[in-house]
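Chemist: what follows is a predicted structure for the sequence shown.
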Amino acid sequence: MANPKKKHTLNIAGKWYCTDPDDEDGEGCIACNVCYTGAPDFFAEDDYGNAYVKKQPTTPEEIELCQEQSDMCPVCSIGDNGIASN
């Protein structure tokens, strides 16, 4: 499960977030590119290839697409609770 205390600083505020690559609990983004290639309207990559949420999903279809990316994330670094810290 993504650590809501280790959110990437570039996440847009809202329910969905990606974790910072420096999350020492092993749930930090590893720049695998699954989410930002699978749902580029919602996820983006920083200068190091680490993911962050650039747009929050609002429709059931958008939420389902983001959930699919979360399910495919190899390190569980996508969360869907809490408020982004920026």
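Modeler: Arrived safely. Numbering: from 1, shown residues only.
Chemist: tell me, what residue is most central in this structure?
Modeler: For the chain, Cys18 is the residue whose C-alpha lies nearest the centre (Cα atoms, centre = their mean; 2.7 Å).
Chemist: quick one: the helices in this structure?
Modeler: For the chain, the helices identified by DSSP state H occupy 34-38, 60-72, in order along the chain.
Chemist: ok, what's across the strand from the residue nearest to the centre of the chain?
Modeler: When bridges are taken as DSSP bridges, the partners of Cys18 come out as Ile78.
Chemist: what do you get for Ala44?
Modeler: Residues in a beta bridge with Ala44, per DSSP bridges, are Tyr52.
Chemist: does the residue nearest to the centre of the chain really touch Ala51, like I thought?
Modeler: Yes: Cys18 is in contact with Ala51 according to Cβ atoms under 8 Å; the separation is 4.5 Å. In short, each C-beta sits where N, CA and C put it, glycine included.
Chemist: most tightly surrounded among the helices of the chain?
Modeler: helix 34-38 (a mean of 19; mean count of other Cβ atoms under 10 Å).
Chemist: rounded mean pLDDT for it, please.
Modeler: With pLDDT averaged residue by residue, helix 34-38 scores 96.
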